[in-house]
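> predicted model, plus sequence, below.
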Amino acid sequence: MLLNQFLLLAAVLFAIGVYGVLTRKNGVLVLMSIELILNSVNINLVAFGTFNADVSGQVFALFIIAVAAAEVGVGLAIVLLIYRNRRSIDVSEADMLKG
Amino acid sequence: MLSTTSLFAVSAEIADPVVKTNLLYEWVGLVPGTMALSFLLILFFGKKLPYKGAEIGITAISLSFLFAVAMAFTWIIDTQSVLNGDKGETAAAVVVDDPIGVGETAAPLIPLAEEGEKARVTIDPIVKEFDWLENGNTTFGVGTLVDGQSVMMLFVVTFISLLVHVFSTDYVGGDRRYTHYFAFLSLFTASMLFMVLSTNTLQLIVGWELVGVCSFALIGHWWEEKANSDAALKAFLTNRVGDIGLLVGMITLYFGAGGTFDIIDINSQAVAGEIDHTLLLIASCCLMAAVASKSGQFILHTWLPDAMAGPTPVSALIHAATMVVAGVYMIARLYPVFWDGLSISGSNINLMALMGGITCVFGGALAFVQTDVKKVLAYSTVSQLGYMVLALGVGAYTAGLFHLFTHAFFKACLFLGAGSLSHACHHTFDMREMGGLRKIMPKTFATFVIGSLALAGAFPFAGFWSKDEILAGAGVWPGTGGNGTYYIPFWFGMLTAAMTAGYMARVIWLVFMGEYRGHAHPHENGNRITVPLMILAFMATIAGFLNMPKPFADFLGIKDAGLAFEHWVEPASVAHFPAISHASPSLSLAIVASLVAGAAAAAVWAYYRRLHQMDPKATAYTDSFVANNKLIRAGHTMLVEKYYLDHLYTHLIAGGTKGPLARAAYWFNQNVLDGTVNVAGRSTASLGRFVYRYIDQGAIDGAVNASGLGASGSGQVLRGIQSGKIRSYATLMFGAAALLAAVFIVVV
Amino acid sequence: MTEFLNDWGISLMVFLPLIGAALMAFVPASQEENHKTIALFTTLATGLVGILLIADFDYDNSDVLQFAVDARWIEVINARYTVAMDGMSLPLIALTLLVVPLVIIYSWNHIPNPGNPKTFLMLILVLHTGMLGSFVAQDLVLFFVFFEVVLLPMFFMIGVWGGEDRLYASLKFFLYTLFGSALMLVSFLALYVLAGSSTFNMVQLAENVVTEDISKTAQVLIFGGMFMGFGIKVPMFPFHTWLPDAHTQAPTQGSVILAAVLLKLGTYGFIRIAIPILPEAAVEWAPWIGLLAVIGIIYGALGCLAQTDMKRLIAFSSVAHMGYVMLGIATLTDFGINAAIFGMVAHGIITGMLFFIAGSIKERYHTLEIARLGGLLVQAPKMGWILAITTMASLGLPGLAGFWGEFPAILAAYDPAPGLSDALFRVYMVIAAIGTVLAAAYLLWLLQRTAFGTPSEEFENDPHIHDVVTEEWIAWTPLLILMVVLGFYPRLIFGITDDAVINSLLALGG
């Protein structure tokens, strides 16, 4: 079975995504990195689904894709608003949640 | 004390103590009760009555006095009959408690009979007690104890109090607080009698403090002026200092005697040697502190002269005749304790004798430099109280009490005399404003001179007999015997005899001789003032014969009259009184002492006569050897400054406590203790706010709160992490996830 | 009747005030007179129930818990609704029943700013329930609940109706006490768990501590937690700093209740809970408690001497007086604890009275600064007299109530319980005796500066200064009478407490 390869791919994608989230200052790139993370999870789900001959893995993946679409929609809207307010989409400057 | 089987087995000469009782002895509690009732009646209804309450007070004290006289006579008759061989009722017929059965363990008694005299027996004290409180399954009582000592004191207190009441109706007539004045006289008399009749030391403490507060109220009678309330405060606080000794001493005794306050019980145990000597010593020393404060002994005497701020009749009653002798009375009450505790027998010196000796000399010296006639008398009181303490200290029990007895009359006479003077001289007590009053106020003059002679110990006035007995009791003069050889107290006593005569001569010269130096228009006072004076002067003249020595009585041809007072008052041949031995009187000692006193008086008299011849208006030499000698001047200043004791107390001790010490404690409180709290509070300020909001919104119990505090506290720590930076959050999140994954892997 | 009292008496007494408060909640706040009437009647009814209980109390068996009710409550943790009273709690219950109605009578025309008698009186009623409950609870959880119920109303009373610095004072009061309570709760729980997790009943716990063989270290630690809880409430040196602030800032009524009853919750906790349940640990702690007690006596007195404000002075005097109570307790003898209970009642009456007077002086002079007062005896002679009698009682004059709390406590220190150092406690005794002098000093000094002398120019012709008025007479007379009666007939309290105290010390073997 090719499960190992799928998992490896997913892990690499995940790691790239995490790296992107943690290092990129650009809000859009952060969102994209999050997409990468989500997709790596999708790959895992589909791979395991096939491996176990169970469709629920694919169903979950579809859910995640839908949610990811919504997330990106909201996320981009936030980034847009941040840009409007600050003329910058540098996430390291957005620290208004500080307690 | 009561079961007496073992007592007369010891010696054939000692007879069985006799139990006597009658209604008077049983119901003597009515006397303080009457006075207490009188206090309440005057307080609540006095102002509405025609004589503003004085009539209630005088009625009550008259009844009390009659009771006391009746009791004194009954007592004398009973004692005399016992002396003549009456065995009284059998002990079994009288129901009195004997809680510990001390009779069984009584120590062997030394025969007390003097040569050629029958074995002397006294009546057993008559005790009547009620339950007062119970604590730890022990019940404490309150009641009355009648014996020679309390009968004598009852008589003295009611007698002087009655005369003072009468005197006061004129003297403080029209005063703004006339009613209160009489109310407090009643309360004082009640408290004093309550104390005098104590059956136990707890009751004694209560009475002791109550007379103190009456004294406080009466010294501060005119409290509008700060000087008066200061004097009242000083009196109260000084007494409180002594009370430390009283409390500690009585507590020590309580436990030393195996948990009892009962006076007779304690005394019996002390006589029988059942109480540890060290404990008795500690108790005696502590109690001496109480005596020092109440009875004005050096160094706690300083309140007494200041107490003269009160109305003069009060000074006569409280600060001369009765309250201040409470200390002396207390020593006499617990005499076995001091006897053993201070090892009075067969010694040369002890704390009590020394304290008394120092007091009588130092007090007498201070009397010389006073210009205020009341102050002279006050220091004289201090000195005479020292005499009484000295007497008890050298083992002359009866002499001490006898001096208490005679002193009450002549000192009350002198104080009331001073009051009479002031009443006539526009309310001044300054002797520089007097002079030449002998012609204007003949009755006051005569009584005052009699009082002075009695005080100075001139034959045959009252003071002569009592003072002579004390000097003989010191056991120094050849042929006197006594309980030891108290050289220092003896010479102190002798010196005081001279000083007493000296300063009284000075007073009489300054007040009555020469020309009038004041600006008022003195006049003789009315009957309500002079009659009490005459009664007291009469007593001051004759009281001494009550205890004249046997040879003198024989000389006069009245056979059984010798030492009557001793027979009436001193317990003998019983288990609760130590075996003291009596000094024999000495004619040579009496003559020498009288000569010394006479010489001192003559010297002072001559001194002032010469001054008068130089300048009729002068009261002190301005230019002479005495005024110019540095040493004498230094001594004089020392006396005027009252040995600087007042400075020590007021400025150093009281001021130090109230000022720096209290402020330091408060500073510590505010800055250290409270500061700690505040710092803790501030550093968790938001924590506090959190709690405040949390509670404000409602119902949360303490446990949740406590956890809330913890949560909030950790929130403070975590607050730093919450930077608001999304990426750091993400870092944390991933880091934590990785950590958890690692844990997961390791564990699974 | 007896049956009804046996079953419902105590519960009725405890919860009547709460019912009254609930009733008041339905009356609009504008009907002030109605509120006062309801509050007064509630407390009087409570008092009536209390009097019936006290009358029905079997004084020959005052060591037995009477009118006991034991009902299901929180089964999960075996906490039960157990209430009862014996000779130890009876005097304190009586004191509470007396003081609260007097406070309400006093409030009739003395509602402090900012007004709102409805809430004010409701808080007092809630307090009433809390205080009575604490004195009758025989179950630790129940006790704790009542103990904490007291806290809230007091907090609001100080925080809303207090003086200028009220927020600080109320918060300090609340936090400090809460801190102690938390430790106390931990102790209770530890005790519960170590003693077999079967009961919170005080009597059974005391037995379980013996049967379960709890280690001495654990006992000492548990006692320590209770010590913090109760000691802060007393308050003992050095945990007393909340007291002067709370007292100074609290409205008169609050100060009176605080002084008269609240402080006694702490000392009562010691003699009802800490010592009977953990006698061994008590012996370990007693020397330290005694030490803090005598430090408190001297220190409180010195603190008083440094005060310039009358109310603050009285507050500090509480520290000193509670020192005598704690000294009595620290001796662990029947004598000392009897004295302590008497001292609690006496202090409640006397200090409560002093705070009443301070409140009335403040109302007339608008200041309590001692230096500005003076000549009270001239301007309001009756009040001056009352002040004089009360200060005399406070300084422990025999013949008035204060003496019987003070002297026996000093006496007891001579001979503490077996296992305690005689020499150490004798030193304490002497220090405590010295404390009486200082007490006389600051109280007489206060009396001299306020009552004696002549009025200062500032107040000489002030028409506001009048003598005692009717509601003050009604509120004060019972206290004054008690002061004298207890002083002359101390048996009134000693007779009730003695057996119960001896019983509570059985575990100590003495």
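Structure received. Numbers count the residues shown, from 1 in each chain, chains lettered A, B, ... in the order given.
> so which residues of the chain form strands?
By default, I'm working from chain A. Applying DSSP state E to chain A gives no strands.
> wrong one, I was asking about chain B
Using DSSP E, strands in chain B cover B:126-135, B:138-146.
> mind listing what's buried along the first one?
Okay, so that is strand B:126-135. For strand B:126-135, the buried set under the neighbour-count rule, 16 or more other C-beta atoms under 10 Å in any protein chain shown, comprises B:126-129, B:132-135. Backbone N, C-alpha and C define where each C-beta goes, glycine included.
> what angle do it and strand B:138-146 make?
160 degrees (axes from the mean of the first three to the mean of the last three C-alpha atoms, to 10 degrees).
> ok, the residue nearest to B:Val382 when sequence neighbours are not counted - contacts?
What sits nearest to B:Val382 in space, not counting adjacent residues and going by C-beta to C-beta, 6 or more residues apart in numbering or on different chains, is B:Gly363, at 3.5 Å. B:Gly363 is in contact with B:296, B:298, B:301, B:379-383, B:385-386, counting by C-beta atoms under 8 Å, 6 or more residues apart in numbering or on different chains.
> go through the buried residues of strand B:126-135 and say which is closest to chain A.
Nearest to chain A among the buried residues of strand B:126-135 is B:Asn135, at 61.2 Å by C-beta to the nearest C-beta.
> find the helix or strand that the residue nearest to the closest one when sequence neighbours are not counted is a member of.
Excluding the flanking residues, the one nearest B:Asn135 by C-beta to C-beta, 6+ apart is C:Asn338, at 4.9 Å. Using DSSP states H and E, C:Asn338 maps to helix C:334-365.
> after that helix comes which helix or strand?
That would be, after helix C:334-365 and using DSSP H and E, helix C:376-379.
> show me what the next helix or strand after that next one is packed up against.
Using DSSP H and E, the helix or strand that follows helix C:376-379 in sequence is helix C:381-394. Secondary-structure packing of helix C:381-394 (3 or more C-beta pairs under 8 Å, 6 or more residues apart in numbering or on different chains; DSSP states H and E): helix C:334-365, helix C:376-379, helix C:422-450, helix C:470-488.
> could you save these as a markdown table and add columns showing mean neighbour count?
Formatted as a markdown table, those follow (neighbours: other C-beta atoms under 10 Å in any protein chain shown):
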| stretch | mean neighbour count |
| --- | --- |
| helix C:334-365 | 27 |
| helix C:376-379 | 22 |
| helix C:422-450 | 22 |
| helix C:470-488 | 18 |
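> confidence-wise, which of those helices is weakest overall?
Note on the helices and strands packed on helix C:381-394: helix C:376-379 shows the lowest mean pLDDT, a mean of 82.
> near chain B at all, it?
Yes: Helix C:376-379 reaches chain B (C-beta under 8 Å from any C-beta of the partner chain) through C:377-378.
> alpha carbons only: can I get that helix in CSV?
Presented in CSV, the C-alpha positions along helix C:376-379 are these (Å, rounded to 0.1, in the frame of the first residue of the first chain):
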residue,chain,number,x,y,z
LEU,C,376,-19.3,66.4,77.4
LEU,C,377,-20.3,66.3,81.0
VAL,C,378,-21.2,70.0,80.8
GLN,C,379,-23.1,69.9,77.5
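> residues in contact with that helix?
Outside helix C:376-379, the residues touching it (C-beta under 8 Å, 6+ apart) are B:223-224, C:361, C:383-385, C:387-388, C:450-452, C:454-455, C:459, C:465.
> residues touching the nearest residue to C:Cys304 once chain neighbours are set aside, list them.
In this structure, C:Cys304 finds its nearest non-sequential neighbour in C:Tyr442, 3.9 Å apart by C-beta to C-beta, 6+ apart. Taking C-beta under 8 Å, 6+ apart as the contact definition, C:Tyr442 lies against C:301, C:304-305, C:313, C:317.
> roughly how far does C:Tyr442 sit from B:Thr657?
10 Å (C-beta to C-beta, to the nearest Å).
> who touches both of those two?
Common contacts of C:Tyr442 and B:Thr657 (C-beta under 8 Å, 6+ apart): C:Leu305.
> the residue nearest to B:Asn135 reaches C:Arg491, doesn't it?
No: the pair C:Asn338 / C:Arg491 is not scored as a contact, 11.2 Å apart, by C-beta atoms under 8 Å.
> count of neighbours near B:Gly386?
The local packing of B:Gly386 (other C-beta atoms under 10 Å in any protein chain shown) involves 30 other residues.
> need the contact list for it.
Counting by C-beta under 8 Å, 6+ apart, B:Gly386 makes contact with B:297-298, B:355-361, B:363, B:496.
> so which bits of stretch C:204-220 are buried?
Quick answer for stretch C:204-220 (16+ other C-beta under 10 Å): C:204-206, C:208-209, C:214, C:219-220.
> and the least confident helix or strand in chain C by mean pLDDT with chain B, contact?
Least confident helix or strand of chain C, by mean pLDDT, DSSP states H and E, is helix C:457-460 with a mean of 76. No: Helix C:457-460 lies out of reach of chain B by C-beta under 8 Å from any C-beta, never closer than 13.3 Å.
> with just CA atoms, put that helix into PDB.
Extracted C-alpha coordinates of helix C:457-460, given in PDB (Å, rounded to 0.1, in the frame of the first residue of the first chain):
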ATOM      1  CA  GLU C 457     -15.200  77.400  71.900                       C
ATOM      2  CA  GLU C 458     -16.000  75.700  68.700                       C
ATOM      3  CA  PHE C 459     -18.900  73.800  70.200                       C
ATOM      4  CA  GLU C 460     -19.700  76.000  73.200                       C
END
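> no further queries at this time; thank you.
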